[in-house]
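Visitor: Here is a sequence together with a model predicted from it:
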Amino acid sequence: FRFCSSNGSGEKERTLGMIKPDGISGNYTDRIKQVILESGFEISKEMVIQLDEENAAEFYAEHSSRSFFTNLIRYMTSGPVLVMVLEKEDAVARWRDLIGPTDAGKAKISHPHSIRAMCGVDLEKNCVHGSDSHQSAKREIAFFFKEAPSDDAVGKHDEL
Ligand code: IDP
C-alpha cells in the first residue's frame, strides 16, 4: 500500500493533522497553518473540537497501558483542538517530517525548523499531532470526520 501511494505519481494522500490544546492556547494556530500551506499541503477539512475523556482515551487507545496515559488524557482534554485533513503527495511521511520528533525539547536542538521546535515545550506538550502510518491516518480521519448518513445515501449506493 505504501509503495502504491507514494510512487511519485503525483497522486495526493491524506493524513490527519491536529493542533493540540497548548498550540491553540499559545496562539500558534495561524503560524502553524501558514507553515502547512507554505509546505504545499491543502487543508481539505478542518474542525475545532473539545475532546472529552472518553474520546481522548479512544483516540490514544494504543497508549492506554503507558505510565503517561492519565497525564496525556488530561492534556488532550485541557482545551479545544483543531483537527485537519491534510492533502499532498506522500502526506503521512511529509507531515511527520514537518512536525518533527515527539520530544519538542529535543526537537529544538535536532530539528530547529520543525513545528514542534517552534511551538512545543517538552515530551508531552508538543503542540501538534500527525498520523504515524497510512493505517493510522485512515482510522484517525474517520474518527473525526465520519460521513453522516444522509438522504442521498441511496443515490451514492447506486453509483457503486
Ligand atoms: P507522536 O505524537 O510523536 O506520534 P506518541 O509516542 O504516539 O508520539 O505519543 C503520543 C503523545 O503522547 C505524544 O505526542 C505526547 O504528547 C505524549 N507522550 C508520548 N510519550 C510521552 C512520555 O514519555 N511522557 C509524557 N507524554 C508522552
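Guide: Yep, it's here. Note that the structure is predicted; figures quoted are calculated from it, not measured. Numbers count the residues shown, from 1 in each chain.

Visitor: how about the helices in this structure?
Guide: With DSSP state H applied, the chain shows helices at 2-5, 21-25, 29-38, 53-59, 69-76, 91-99, 104-110, 115-119, 134-144, 153-159, listed in chain order.

Visitor: and this structure, which residues reach the ligand?
Guide: Taking Cβ under 6 Å from any ligand atom as the contact definition, the chain meets the ligand at 63, 68, 72, 102, 123-124, 126, 129, 132. C-beta coordinates here come from the backbone N, C-alpha and C atoms, glycine included.

Visitor: Format those residues as TSV; extra columns: pLDDT, distance to residue 114 and neighbour count.
Guide: Below are the residues of the chain next to the ligand laid out as TSV (pLDDT from 0 to 100; distance: Cβ to Cβ, whole Å; neighbours: other Cβ atoms under 10 Å):
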residue	pLDDT	distance to residue 114	neighbour count
63	98	22	13
68	98	21	12
72	98	20	18
102	98	11	14
123	98	14	13
124	98	17	17
126	98	10	26
129	99	13	20
132	98	15	16
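
Visitor: In strands, which of the residues you listed appear?
Guide: residue 129 (DSSP state E).

Visitor: Please identify which of the residues of the chain next to the ligand is nearest to residue 94.
Guide: The shortest gap between residue 94 and any of the residues of the chain next to the ligand belongs to residue 132, at 13.0 Å (Cβ to Cβ).

Visitor: Quick one: neighbours of the closest residue to that closest one other than its chain neighbours, just the number.
Guide: Leaving aside its chain neighbours, residue 132 sits nearest to residue 96 (6.6 Å; criterion: Cβ to Cβ, 6 or more residues apart in numbering). For residue 96, the neighbour count with other Cβ atoms under 10 Å is 16.
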